[in-house]
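Undergrad: quick one, what's the 3D model for this:
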Amino acid sequence: EVQLVESGGGLVQPGGSLRLSCAASGFIFSMYAMSWVRQAPGKGLEWVSSIYSGGGRTAYRDSVKGRFTISRDNAKNTLYLQMNSLKPEDTAVYYCNADSRFGTFWGQGTQVTVSS
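TA: Just a heads-up that it's a prediction; the model follows:
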């Protein structure tokens, strides 16, 4: 059974930091491009960042560049998102996504709330 389980969300003040994790199982993690996608209240899905199967190439949406860092540990089948200098507009449910020609999988999401 394929599973993507996010953790690490919570309530943080503006300027604070959080580290999200996504634990993967049931598929060959190293062969999949992994992404973080978020959904703010009342809005659609918004791509945040991706890291490719080799781990050497990453991509970020402009609004998070310089603040967020995506990484992966293929030995632990885990994806990470280090989020620094958080802003209220980063408030959203953050989803982990795995994608390859073999299929696409989603996690259940973790809530991040940035508020004073």
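Undergrad: for Arg38, which non-adjacent residue is closest in space?
TA: Excluding its sequence neighbours, the residue lying closest to Arg38 (CB to CB, 6 or more residues apart in numbering) is Ala92, at 3.8 Å. Heads up, the C-betas are built off the backbone N, CA and C, glycines and all.
Undergrad: isn't that neighbour up against Val37?
TA: No. Ala92 is beyond contact range of Val37, at 9.2 Å (criterion: CB atoms under 8 Å).
Undergrad: tell me the contacts of Ala40?
TA: By CB atoms under 8 Å, 6 or more residues apart in numbering, the contact set of Ala40 is Glu46, Glu89, Thr91, Ala92.
Undergrad: what pairs with the helix or strand hosting Cys96, parallel or antiparallel?
TA: Taking DSSP states H and E as the criterion, Cys96 maps to strand 92-100. When pairing is defined by DSSP bridges, strand 92-100 lines up against strand 33-39 (antiparallel), strand 103-106 (antiparallel), strand 110-114 (antiparallel).
Undergrad: who is the residue positioned nearest the centre of the chain paired with across the strands?
TA: By CA atoms, centre = their mean, the mean C-alpha position of the chain lies nearest to Trp36, the distance being 3.0 Å. The bridge-partner assignment for Trp36, based on DSSP bridges, gives Ser49, Cys96.
Undergrad: now the protein, which segments are flagged as low pLDDT?
TA: Applying pLDDT under 70 to the chain flags the ranges 55.
Undergrad: excluding residues flanking it in the chain, which one is nearest Ser30?
TA: Asn74 is the one closest to Ser30 (CB to CB, 6+ apart), at 4.2 Å.
Undergrad: could you count how many residues lie near the one you found?
TA: When counting by other CB atoms under 10 Å, one arrives at 17 neighbours for Asn74.
Undergrad: same question, the one 3 residues further on
TA: Around Asn77 sit 17 other residues, with neighbours defined as other CB under 10 Å.
Undergrad: from Tyr32, how far off is it?
TA: Distance, Asn77 to Tyr32, using CB to CB, to the nearest Å: 10 Å.
Undergrad: quick one: the strands in the chain?
TA: 3-7, 10-12, 18-25, 33-39, 45-51, 58-60, 68-73, 78-83, 92-100, 103-106, 110-114 (DSSP state E).
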